[in-house]
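**Q** How does the following fold in three dimensions:
(2 chains)
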Amino acid sequence: MNDLDARLGRIRGDAAPRPHNARTIAALTSNPGCARRAIMDAAGVDKPRLASYLGFTAPFGQSQFAITRGNAFEAQVKANGCAELLRLLREQLGLPIPEVSYDDLEEVGGQRSPLVRHTSTRSLLTRAARAGDDAGTLFDHPLLRLVVGGRHVYLEPDLIAFRLGGRFHVVEIKSFAVIDGQADGDKVAAAAIQSAVYVLALRDLLRETGTGPVDVAHEVILVCPENFSNRPVATFVDVRKQITVLRRQLSRLARIEALVDLQPPGLTFDLELDDAGVPHRPAAGLADDVRAVPARYAPECLASCEMCYFCRDEARGQTAALGRAAADELGAVPTVQVALGLAGGTITPADDQAEAAALLREAARLRQECLGATA
Amino acid sequence: MTTLTSLARAQAVATGMAQPVCTMRHVHLSDRPLVLVPLVLAGEANAPLAALVGDDPAAGRLLVVSQPRNRDRRFAFAAELAEIVVSYVEGYYSSVQTVPGGRGQDERTRFADAPQVLVPNPACIGFVRLLGRSTRFRRPSGEYAVDPAVPVLGRWLSFLAERAEHPGSCLLLAATDVVALHWASGQSPVEDLNLAALMGWVSPPAGMTGAEAAAAGEDPVTWPPAGPATDPTFDNEVLARLIAACDLPDDDARARHRAESALQAALAAQVAPTWRLMWRAIDLLRGMPPGSRVAARWDADKDAFTSYAGYLRDDGPPQPRRDSAVAAAQRLNWLERAQASYAAQRALDDPLVMAEHRLSGEAFAGPVTAAEPGRLDSSGKRRKLRPLITVVTQDSPRIDQGATLVSPSRPSQQARVISVSAAPLQPGPLQPGPLQPGQVPAQPALVQPGPAQPASPLALAPSPASATAASAPALAARRPLAVVLELAGGMGRALTPEPGSVPEPGEWLCYTTLTDSYQPQGSFPDRADTPWTHGGPPPEYVPADEDASEAWS
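**A** Model (predicted):
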C-alpha cells in the first residue's frame, strides 16, 4: 500500500491531494471505464486546475444566486433546532417522533478539526444507537468518514443522521423545486447518489464500532422546496441501487494498483509549482503525460468531469465523440476516418467490423442515391 | 438514429459542415411565428429574469424583472408577457375556414391558422410549461389578485407546452430540435442542444468551417447561453451587482432608473445573440420545401387550437396539476399513435428519411423490370384485377411473403408480396402466370430463401448468390433481389386498369411496410369507472382559493 501511495504521490506531484467529497465520490460512478479519471481521482489530482493549465478550463461554474438560495433554504429548514424539518417528518412522512434531542456537531468544544469532529460524531451516534429506544435524535453537521482509494475522506452530510424506528436516516436538503410531486430527474439522481455516499459512510461507522443491530435506512429523506414557494416538502428516496453502484466503484478504486502498474513509470501530472504556488511545467509535456493514460471520452462527460474539454479535444475524429447512439451503431469502428473508408469501400474491414462495414456501405449508397453526388 | 445518421455525422466531421438528413422540411413554419427567448434566475424555481419576445425580427420586446425574487415584479412580468402572447394568440381568432366533415359528420369550422411559438431549446419548452403552471391558477380578484390576462397566459402556455409533446405538432417548437431533425452535425446530440454550436455547424459564418463556428459558439462571452439558464460567470460578475443596484428605496427615482437601465442593457446583450440566431434558423428552414404531409399535421394543430379556444370561451377550468389515471393513459395511447404516424409520414414524404427504413429492411426501392397489368385473379367467385409487377432492388428488405406494402407515390394502391428471390443476371420479361398458392417460396425473404422450384415460372432459379444474401444480408457481392408484387386498388372499377394506374417497366418505385393509416384508439374506462388499482374515480376538480394564491417566492 505504501508503494502505491508513493506512486500516486509522484503522479500527483507536490500539491496536496485534493480531498474527495460526496459530489466527487458520486461522480466516480458516471464513467467507470475511464482510466485517466480513475487515476487522477485516486491520486487526488486537482483536475480543475490541471484542465485550466492545459488550456481547457472546465465549463462548470456555480452562480452565486444558486448558492445563496441553497444556503437560505437549508438555514430555513434547520432553523430553531430543525423545527420545520420535524414538522415535515411528523406530518408528511407520518413518522412518530415523541421527543427530540438536537446535537450540532459543527464545532466540538470550540474545535473544528475534522478528526475531533469525526470522533465526536462517532461517539454520539454510537451512544444513540445503543440507547435502544425510539427517542428521535437529530445530528446537525455530523462528520463521517469513508475509505476512498485507500485514503480516509471526511464527508459532511447536509444534515443529519436521524434515528427513527430503530434505524438511522440520512436527510439531504436540496433547493431544487418539487413541482406537483415531480422534480428534475437529473437533480434527483444526483441527490440520490450523494445521499448514498452518506449512507455507506454511516454504515461503515456503525460496523467499525460494532454497533448492532441498528442499521441505516436505504431510504433517504430528501427535503426540497414545494412548487414555486420556499415551503419545504419531504420525500423518501430509495437509494439501494446507488449504494450497490458505489460499493462496486469504491472496491474498484481500492484495486487501483493494477491500473497504476499499467502506466509508464515516470508518469506525473505535477505542475511544478514554485514556492509562490505558480506552476512552471511546460504545458506540452504535461499534456503528453495526460494523454499517456487512456481516457474513455463520451459526450456525457461534459456534464460531470473537469477534464472533459481536454478529452473531447483529444477524441475529435473518434466515433465515440459523436454520442452514444452513433458509438453503438458504429461499434467496432474507432474513428470517423475508418467509418468513411469502410463506407466508401477504400478500407477492408477487420473481422469484427464486417457487419458495421456492410451497413455503412449500404448507408453510403442510399445517401448518395437520395442526395446525388454531394453526399 | 440509424447508421445513416451516424454516417452523416461522420461525413460532417470530415467535411467540417453539417450534412442534411432530410431533403425537405418536416415542420410547419408560420409566416409570423412568435419567438420567445426566456432567461431565469439561477437557483430559483422558474423565476423569470428576462425575455425577448416578438413576431418581428426587427422589433423584439425585452421584458426584464429587475428584482426576480419580488413576487409583484414577477407578476408584472407575467402581465406584460401575457399582453404580448395572448394578443398574438387571439389574433388568430379573426379568420375561420370551413372543413368538410369526415364519414357521416357535418362540415365544421375552425380557425384558418394557428399561433406558433418558437423557443431556442427544449429547456425553454420546460420554461413555458412551468410558467404556465405557475400562472394558470391565478385569479384576477380576491387575495393576491393578478392582471386578468395572467391566468389566460397560463392556460395558453400550458396548452402549448402540452401540445409540444405531441409528435408532429408545430404549435410550440424548440429551434435545436427542428434544426437537428434536418441536419446531422459533427458533434453529439448532447452538444446539439447548444443552438449557437448547432447553427455553427449548419450555417457557419463566411471563412469558418462548421467545426470552428461550433467551437466559437460554445464561448459564453460571444454566445451567451440560449436560456433559460444564464451563464454563471455572467451571474457572478455582472448580474449580481446590477440587481443589487436596482434594490434602492423608491424615493431615489433617478438613481433607480439608471440602475434599471443598466440591468436592461446587460440582459439585452445576453439574449440578443440568441434572438438573431433564432431568426437565422427560421430563414434557413424557410428555404426548404415543406413535405407534402406537413400541411395536414398543421391542420390537426389548428383543430387543437380551435378546440382549446372554445374551451376557454366556455370558461373551462385550468388544466389540472396532474392528469387523472384515465386521462393519462388515454394521452399516452394518443402520443404513441401520433409518434408512429409521424415517423411514417416523414418517411413517406422524404426519400432520405425513407432510406433509413430501407436500411433497416422495412422498405425497398428499385426499378420495375416487368409488369403484367392485365392479370386477373379468377380463384374466387368474381374475377378481380390483380396486376403483377416485379421490382428489382439493391436493398435488403426483411419483408415476409404475403405482407402488404404501399408505395409513397401510389398511396391508394396496396401491393402484396408474392415472392422475393435473387434477380436474374439479365432481367428479362417475366411471364408470371395466375397465382397458385404454394407456388411461391413460403419463407420470409432473407431469413431463409425458399427452395428452388424450377417448375414455377415465378421462382427465378435461386443461385448461390441468393444463399449468400440470406446468410449475410448486406454483403457487398450480393446480387439484387427481385420482388414480385400483386397490386390491388387505385386502378378504377373495370377489369382493365386505367391508364397509368399500374407501374410500367422502367419506373422507379419504393415500397414499404410503414403505413399512415388510421390506428384504432385503445379502449379506456370512463373517468367514473377508474379501477381501484389506479386510485378509483378521481375527485372532480374544484378551483380552490389555495391554487389561486399559491406562493411564488
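**Q** Name the residues of the helix or strand containing residue B:356 that are buried.
**A** Using DSSP states H and E, residue B:356 falls within helix B:351-360. Of the residues in helix B:351-360, those buried by neighbour count under the rule 16 or more other C-beta atoms under 10 Å in any protein chain shown are B:351, B:352, B:353, B:354, B:355, B:356, B:357, B:358, B:359. In this view, the C-beta of every residue, glycine as well, is placed from N, C-alpha and C.
**Q** wait, isn't the fifth one in contact with residue A:367?
**A** Right, residue B:355. Yes. The pair residue B:355 / residue A:367 is scored as a contact, 6.8 Å apart, by C-beta atoms under 8 Å.
**Q** For the two, list the residues in contact with both.
**A** By C-beta atoms under 8 Å, 6 or more residues apart in numbering or on different chains, residue B:355 and residue A:367 have these common neighbours: residue B:4.
**Q** who's in contact with residue B:21?
**A** Applying C-beta under 8 Å, 6+ apart, the residues contacting residue B:21 are B:4, B:5, B:8, B:181, B:182, B:183, B:184, B:352, B:353.
**Q** pull the longest helix from chain B.
**A** Taking residue count as the measure and DSSP state H as the definition, the longest helix of chain B comes out as helix B:253-286.
**Q** packing partners for that one?
**A** Counting contacts by 3 or more C-beta pairs under 8 Å, 6 or more residues apart in numbering or on different chains; DSSP states H and E, helix B:253-286 is packed against strand B:34-40, strand B:48-54, strand B:61-64, helix B:175-182, helix B:195-202, helix B:240-246.
**Q** for it, the distance to its chain's centre please.
**A** Relative to the chain's own centre, helix B:253-286 is displaced by 29 Å; criterion: C-alpha atoms, centre = their mean, to the nearest Å.
**Q** Do a quick rundown of the strands in chain A.
**A** Taking DSSP state E, the strands of chain A run over residues A:100-104, A:136-140, A:144-148, A:151-155, A:159-164, A:167-173, A:215-216, A:219-225, A:232-238.
**Q** Please spell out which residues along the fourth one are buried.
**A** Along strand A:151-155, these residues count as buried under the neighbour rule (16+ other C-beta under 10 Å): A:151, A:153, A:154, A:155.
**Q** Can you measure across stretch A:151-168, start residue to end residue?
**A** Distance between the boundary residues of stretch A:151-168 (C-alpha to C-alpha, to the nearest Å) amounts to 25 Å.
**Q** That stretch near chain B at all?
**A** No. Using C-beta under 8 Å from any C-beta of the partner chain, no contact is recorded between stretch A:151-168 and chain B, whose separation bottoms out at 15.7 Å.
**Q** Report the inter-axis angle for the longest helix of chain B versus strand B:34-40.
**A** Relative orientation of helix B:253-286 and strand B:34-40, computed by axes from the mean of the first three to the mean of the last three C-alpha atoms, to 10 degrees: 130 degrees.
**Q** next helix or strand past helix B:253-286?
**A** Later in the chain than helix B:253-286, the nearest helix or strand by DSSP H and E is helix B:294-313.
**Q** what about that following helix, distance to the chain center?
**A** Taking C-alpha atoms, centre = their mean, the mean C-alpha location of helix B:294-313 is offset from the chain mean by 16 Å.
**Q** again with stretch B:170-188
**A** Using C-alpha atoms, centre = their mean, we find the averaged C-alpha position of stretch B:170-188 to lie 10 Å away from the chain's own average C-alpha position.
**Q** Phi and psi next, for residue A:34.
**A** Residue A:34 has phi and psi values of phi -90, psi 110 when expressed as degrees, to the nearest 10.
**Q** That one and residue A:296 touch, don't they?
**A** Yes. Judged on C-beta under 8 Å, residue A:34 makes contact with residue A:296 at a distance of 4.3 Å.
**Q** More neighbours: those two, which one.
**A** The neighbour comparison of residue A:34 against residue A:296 (other C-beta atoms under 10 Å in any protein chain shown) goes to residue A:34, with 22 against 16.
**Q** Out of the contacts of residue B:21, which are close to chain A?
**A** When contact is defined as C-beta under 8 Å from any C-beta, the contacts of residue B:21 meet chain A at B:4, B:5, B:8, B:352.
**Q** least trustworthy helix or strand in chain B by mean pLDDT?
**A** When the helices and strands of chain B are scored by mean pLDDT, DSSP states H and E, helix B:464-471 comes last with a mean of 37.
**Q** After that one, which helix or strand is next? Please name it.
**A** Next element after helix B:464-471 (DSSP H and E): strand B:481-488.
**Q** Quick check: what element follows that next one along the chain?
**A** Moving toward the C-terminus from strand B:481-488, the first helix or strand encountered (DSSP H and E) is strand B:508-512.
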